[in-house]
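A.B. asks: below: sequence and its predicted model.
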Amino acid sequence: MERPNYRPHWVENPSGFSLYLNAVESNSDRRFDPNFSAHLLLDIAHEQSVDRLLRKLIDRAMEHPQFGLACVQVWLVDKGDLCSGCPQRPQCRDQTRCLHLVAGGGNLISESGAGGPRFDDPNARIPLGVCLVGKVAATGQQLILNGLDGTPEELGQLDCWPNWMEHERIRGFNGSPITFKGEVLGVIAAFTREDIPDEAQPWGQIFADHIGAAIANARAFEEIQRLKAQLELQNTYLQEEVVEARAFGELVGQSAALRGIVRQIDLVAPTDASVLILGETGTGKELVVREIHRRSQRKDKPLIRVNCASIPKELYESEFFGHQRGAFTGAVKDRAGRFETAEGGTIFLDEIGEVPLELQSKLLRVLQEKRYERVGEDRTRLADVRIVGATNRDLKKEVAAGHFREDLYYRLNVFPIQVPTLRERAEDIPLLAKHFIELSVKELRCPKPRLTRAGIAKLQGYDWPGNIRELRNVIERAVIISRGGVLDFDLPVTYSSPAPRPITPRETDTTEPEFLTEPEMQRRERENLLVVLEKTGWKLKGPDGAAELVGLKPTTLLSRIKRMGLKRPAPHGS
């Protein structure tokens, strides 16, 4: 039997929200209060956070409950994530999107709330088009129902009506779509213990438009803040990289060893395979990583360097994956990690052998599943990042000693590249030296010095335990000291002597002696010095002078000339 006061109806209002929350200051006063509504509109318009915006809306509504307000809930459209546990899953046609309960508040009749729901359950979901809230989202139209305090049988005829309605004596329902630029963002649902008066209807569209625009603005502001923070991190990392990259310069050289490295880079760069760069400290491993990134499809995205040896042990996880505000002492705000900053690009894990053993399992997960979580956050994030590691350690020995995970080693070691030492590419030293001289002159604003053949021979004779980094430092110091003159390299006397060749019988039969006596050595030295003096026209010092060519100080050369009894020939005709 239909009751006369049962008046469910659709209100043809594409973007309305019937504000009935502020109608009166007491249950006996049914006049609508536009002043309170205007203040609430101004309040929510200034919010720059979606969470604070919705919380303020709920709190202000429940501060002045009118028309017997029982509860208010805000549902927003988001991706389907809890489909397996959703009680309405059989009715859901599209499991990619649904309504998520993001904010709610209520006043129950009894404290126990027997049969009552949790008004702010973050796991609550409603499929689009299912139940009253779902229908409001699917149609984009406001739904108002009054006179619903009927019998249980009558209430049971309504689609998905909450079973706690009778206990809470619910009489009215208002479901209003939150829209922005024609898109339904969600639904505001309210349950009242009195009918919703008609005089509140004109404010529905006003509130719907303002709330939708406020949510869109808050989301845009949050995205701008996230991108700004990410850009600041990228700029910081790039500045660090620029400073440290000075120790390596460019890929300079023509040796067979360097050409082999370039061939390997060309092979692996176009792929997304993990790469492990091996080599002594100072050999230029970071430069190889830069070339891999520059020649890859990710070249337009960031290359982020992480020095694993400089991170405190307790901050590794936060540095790699980021953290949520309040996750630990000192975490005063959300922070993106290096993996998030390198999204779409390449992350370079320098000195990867220094990563603590307890964190290596999480690093392995990122390599295998491309997934990670911020510290203190339940949300799983996807990592579209290429990982390149570098180390001067022998990781096989580290694995055998139990200091490095074997599965992580093999996952990183997909394409290993061994960077040769400077000792193995000594023929590249002249080109490297000239390149570093040009860089030093430009950066230090010094006069350009002269690099002599004797200076190059001195550089090529040194063992270079610090490799290219040490070469750069030695040249920079020499440029400063030279003041535009001849470069004199202050190197320890540790020249590499060539390995002795075995003497064959054929060699012993030649007219060349196997060794030279002291008088023969002096004679050859005298002849060599005479050739140099004649070549320079007996010019002893200055550019292209004899002292510069043989690599001696002018005073030392003059003393040697006197000791050997060499005299400048008289000019012809004199």
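C.D. replies: Thanks, I have it. Numbers count the residues shown, from 1 in each chain.
A.B. asks: let me know the pLDDT of Leu21.
C.D. replies: Here the pLDDT value assigned to Leu21 is 35.
A.B. asks: which residues touch Gly466?
C.D. replies: Thr281, Gly282, Asn473 (C-beta atoms under 8 Å, 6 or more residues apart in numbering). The C-beta positions use only the backbone N, C-alpha and C, and glycine is treated the same way.
A.B. asks: point to the residue nearest the middle of this structure.
C.D. replies: Thr341 (1.8 Å; C-alpha atoms, centre = their mean).
A.B. asks: so how far is Phe321 from it?
C.D. replies: 11 Å (C-beta to C-beta, to the nearest Å).
A.B. asks: over to Ala269?
C.D. replies: 26 Å.
A.B. asks: what helices or strands is the host helix or strand of Asp266 leaning on?
C.D. replies: Using DSSP states H and E, Asp266 maps to helix 256-268. If contacts are counted by 3 or more C-beta pairs under 8 Å, 6 or more residues apart in numbering; DSSP states H and E, helix 256-268 sits against helix 285-294, strand 415-418.
A.B. asks: just checking: what are the partner strands of the last one?
C.D. replies: To tie it back to what came earlier, the one meant is strand 415-418. strand 275-278 (parallel) (DSSP bridges).
A.B. asks: so Ile277 makes contact with Pro420?
C.D. replies: No - counting by C-beta atoms under 8 Å, Ile277 stays clear of Pro420, with 12.0 Å between them.
A.B. asks: these two: who's more crowded?
C.D. replies: Ile277 (27 against 20; other C-beta atoms under 10 Å).
A.B. asks: need the contact list for the more buried one.
C.D. replies: Lys285, Val288, Val289, Val388, Gly389, Ala390, Thr391, Pro416, Ile417, Val419.
A.B. asks: just list whatever residues bridge to Glu373.
C.D. replies: Those that pair with Glu373 in a beta bridge, by DSSP bridges, are Thr380.
A.B. asks: that one and Leu145: what is the separation?
C.D. replies: Glu373 is 42 Å from Leu145, by C-beta to C-beta.
A.B. asks: who has more neighbours, these two?
C.D. replies: Shown here are Glu373 and Leu145; by other C-beta under 10 Å, Leu145 has more neighbours (22 against 16).
A.B. asks: which phi and psi does Ile188 have?
C.D. replies: Main-chain dihedrals, Ile188, degrees, to the nearest 10: phi -100, psi 120.
A.B. asks: can you offset everything so residue one is 46?
C.D. replies: That works, and once the first residue is 46, the last one we named lands at Ile233.
A.B. asks: wait, it touches Cys116, no?
C.D. replies: No - Ile233 is not in contact with Cys116 according to C-beta under 8 Å; the separation is 11.4 Å.
A.B. asks: against which helices or strands is the helix or strand where Arg571 lies packed?
C.D. replies: Using DSSP H and E, Arg571 sits within helix 563-580. Packing partners of helix 563-580 (3+ C-beta pairs under 8 Å, 6+ apart): helix 591-595, helix 599-609.
A.B. asks: now the longest one, how far from the centre of its chain.
C.D. replies: Relative to its chain's centre, helix 599-609 lies at 63 Å (C-alpha atoms, centre = their mean, to the nearest Å).
A.B. asks: can I take it that Arg517 is in a strand?
C.D. replies: No - checked against DSSP: H, G, I helix; E, B strand; the rest coil, Arg517 lies outside a strand; its state is helix.
A.B. asks: what's the burial count for Arg450?
C.D. replies: 18.
A.B. asks: okay, it: pLDDT?
C.D. replies: For Arg450, pLDDT reads 93.
A.B. asks: what is the neighbour count of the nearest residue to Leu173 once chain neighbours are set aside?
C.D. replies: With sequence-adjacent residues excluded and distances taken as C-beta to C-beta, 6 or more residues apart in numbering, Leu173 is closest to Ala183, at 4.9 Å. Using other C-beta under 10 Å, Ala183 has 16 neighbouring residues.
A.B. asks: so how far is Val459 from Ala183?
C.D. replies: 48 Å.
A.B. asks: same check, this time on Arg216
C.D. replies: For Arg216, the distance to Val459 - C-beta to C-beta - is 67 Å.
A.B. asks: repeat for Ala234
C.D. replies: From Ala234 over to Val459 (counting by C-beta to C-beta), the distance is 53 Å.
A.B. asks: more crowded one of the two?
C.D. replies: Higher neighbour count among Ala234 and Val459: Ala234, with 23 against 14, using other C-beta under 10 Å.
A.B. asks: just say helix, strand or coil for that one.
C.D. replies: strand.
A.B. asks: could I get the contacting residues of it?
C.D. replies: Counted by C-beta under 8 Å, 6+ apart, Ala234 has contacts Val117, Gln118, Val119, Trp120, Leu177, Val178, Val181, Phe218, Asn219, Gly220.
A.B. asks: count the neighbours of the second one for me.
C.D. replies: The local packing count at Gln118 equals 25, with neighbours defined by other C-beta under 10 Å.
A.B. asks: I figured it hits Arg163, correct?
C.D. replies: No - counting by C-beta under 8 Å, Arg163 is not a contact partner of Gln118; they are 10.5 Å apart.
A.B. asks: tell me how far Ser485 lies from Cys176.
C.D. replies: From Ser485 to Cys176 the distance is 73 Å (C-beta to C-beta).
A.B. asks: just Ala234 next, same as before
C.D. replies: Taken as C-beta to C-beta, the span from Ala234 to Cys176 is 10 Å.
A.B. asks: and what of Ala471?
C.D. replies: 78 Å.
A.B. asks: ok, these two, which is more surrounded?
C.D. replies: The neighbour comparison of Ala471 against Cys176 (other C-beta under 10 Å) goes to Cys176, with 20 against 17.
A.B. asks: tell me the mean pLDDT over stretch 95-110?
C.D. replies: 78.
A.B. asks: from the chain's centroid, how far away is it?
C.D. replies: On C-alpha atoms, centre = their mean, the centre of stretch 95-110 falls 36 Å from the chain's centre.
A.B. asks: hmm, who's touching that stretch?
C.D. replies: By C-beta under 8 Å, 6+ apart, the residues outside stretch 95-110 that reach it are 66-67, 70, 81, 85, 88-89, 92, 114, 117, 119, 147-152, 233, 235, 256, 259-260, 263-264, 267.
A.B. asks: could you list the buried residues of it?
C.D. replies: Val95, Leu98, Leu99, Arg100, Lys101, Leu102, Ile103, Arg105, Ala106, Met107, Pro110 (16 or more other C-beta atoms under 10 Å).
A.B. asks: likewise stretch 259-268?
C.D. replies: So for stretch 259-268, counting by 16+ other C-beta under 10 Å, buried means Ala259, Ile260, Ala261, Asn262, Ala263, Arg264.
A.B. asks: against Phe252, how distant is the fourth one?
C.D. replies: According to C-beta to C-beta, Asn262 stands 15 Å off from Phe252.
A.B. asks: with only the CA atoms kept, save stretch 436-455 in PDB.
C.D. replies: Extracted in PDB, the C-alpha atoms of stretch 436-455 (Å, rounded to 0.1, in the frame of the first residue of the first chain):
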ATOM      1  CA  THR A 436      81.400  -0.200  -8.700                       C
ATOM      2  CA  ASN A 437      85.200  -0.500  -8.200                       C
ATOM      3  CA  ARG A 438      84.700  -3.600  -6.100                       C
ATOM      4  CA  ASP A 439      84.900  -7.200  -7.100                       C
ATOM      5  CA  LEU A 440      81.200  -8.100  -6.600                       C
ATOM      6  CA  LYS A 441      81.900 -11.800  -7.100                       C
ATOM      7  CA  LYS A 442      84.100 -11.700  -4.000                       C
ATOM      8  CA  GLU A 443      81.500  -9.700  -2.200                       C
ATOM      9  CA  VAL A 444      78.800 -12.300  -3.000                       C
ATOM     10  CA  ALA A 445      81.100 -15.100  -1.900                       C
ATOM     11  CA  ALA A 446      81.700 -13.200   1.400                       C
ATOM     12  CA  GLY A 447      78.000 -12.800   2.000                       C
ATOM     13  CA  HIS A 448      78.100  -9.000   1.600                       C
ATOM     14  CA  PHE A 449      76.100  -8.800  -1.600                       C
ATOM     15  CA  ARG A 450      73.100 -10.800  -2.700                       C
ATOM     16  CA  GLU A 451      73.800 -13.300  -5.500                       C
ATOM     17  CA  ASP A 452      70.400 -12.800  -7.200                       C
ATOM     18  CA  LEU A 453      70.800  -9.000  -7.200                       C
ATOM     19  CA  TYR A 454      74.300  -9.400  -8.700                       C
ATOM     20  CA  TYR A 455      73.100 -11.500 -11.600                       C
END
